[in-house]
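[1] Structure here, sequence nowhere to be found:
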């Protein structure tokens, strides 16, 4: 068995040897690297662009913050009505 396996290694042509030793690892590494780049790109476009810390670090455009009006919420209106009622009754 050893003789046949060693003879098959010796019978490899130059192209098969190049394919086995050099080309396959380069193709495998480039495939893995492309998967990592594709995953990073998708994460960037779907999630990371919307994170305020990432926007601040990379100087991305932030959406303008609109100031809330003073009577924006129902609780504010409720307490303002109570205060107005208390001040008129006193």
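    It's in. Quick caveat: nothing in here was measured; it's all calculated off a predicted structure. Numbers count the residues shown, from 1 in each chain.
[2] per-residue confidence for residue 66?
    We have a pLDDT of 76 for residue 66.
[3] try residue 72
    For residue 72, the predicted pLDDT is 65.
[4] The one 5 residues further on now?
    Per-residue confidence (pLDDT) for residue 77: 72.
[5] For the remainder of this discussion, apply numbering that starts at 449.
    Fine by me, first position is 449 from now on; the one you just mentioned is residue 525.
[6] what's the neighbour count on it?
    The number of residues packed near residue 525 is 11, by other C-beta atoms under 10 Å. All C-beta spots, glycine's among them, are computed from the backbone N, C-alpha and C.
[7] same check, this time on the one 5 residues further on
    A total of 10 residues lie near residue 530 under the criterion other C-beta under 10 Å.
[8] Residue 524 now?
    13.
[9] In terms of helices and strands, where is it?
    helix 522-537 (DSSP states H and E).
[10] Contact partners for residue 531?
    By C-beta atoms under 8 Å, 6 or more residues apart in numbering, no residues touch residue 531.
[11] And it, how close does it get to residue 516?
    For residue 531, the distance to residue 516 (C-beta to C-beta, to the nearest Å) stands at 19 Å.
[12] for this protein, which helix is longest?
    Assignment by DSSP state H gives helix 472-494 as the longest helix of the chain.
[13] Name the next helix or strand following it along the chain.
    Defined by DSSP H and E, the subsequent element after helix 472-494 is helix 500-506.
[14] What residues of that next one count as buried?
    Residues of helix 500-506 include none that count as buried (16 or more other C-beta atoms under 10 Å).
[15] Who are the packing partners of that helix?
    Secondary-structure packing of helix 500-506 (3 or more C-beta pairs under 8 Å, 6 or more residues apart in numbering; DSSP states H and E): no helix or strand packs against it.
[16] Can you tell me what sits against that helix?
    496-497, 508-510.
[17] and those residues as JSON lines, adding neighbour count and distance to residue 482?
    JSON lines is the format used below for those (neighbours: other C-beta atoms under 10 Å; distance: C-beta to C-beta, whole Å):
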{"residue": "496", "neighbour count": "15", "distance to residue 482": "19"}
{"residue": "497", "neighbour count": "12", "distance to residue 482": "21"}
{"residue": "508", "neighbour count": "13", "distance to residue 482": "25"}
{"residue": "509", "neighbour count": "6", "distance to residue 482": "29"}
{"residue": "510", "neighbour count": "9", "distance to residue 482": "32"}
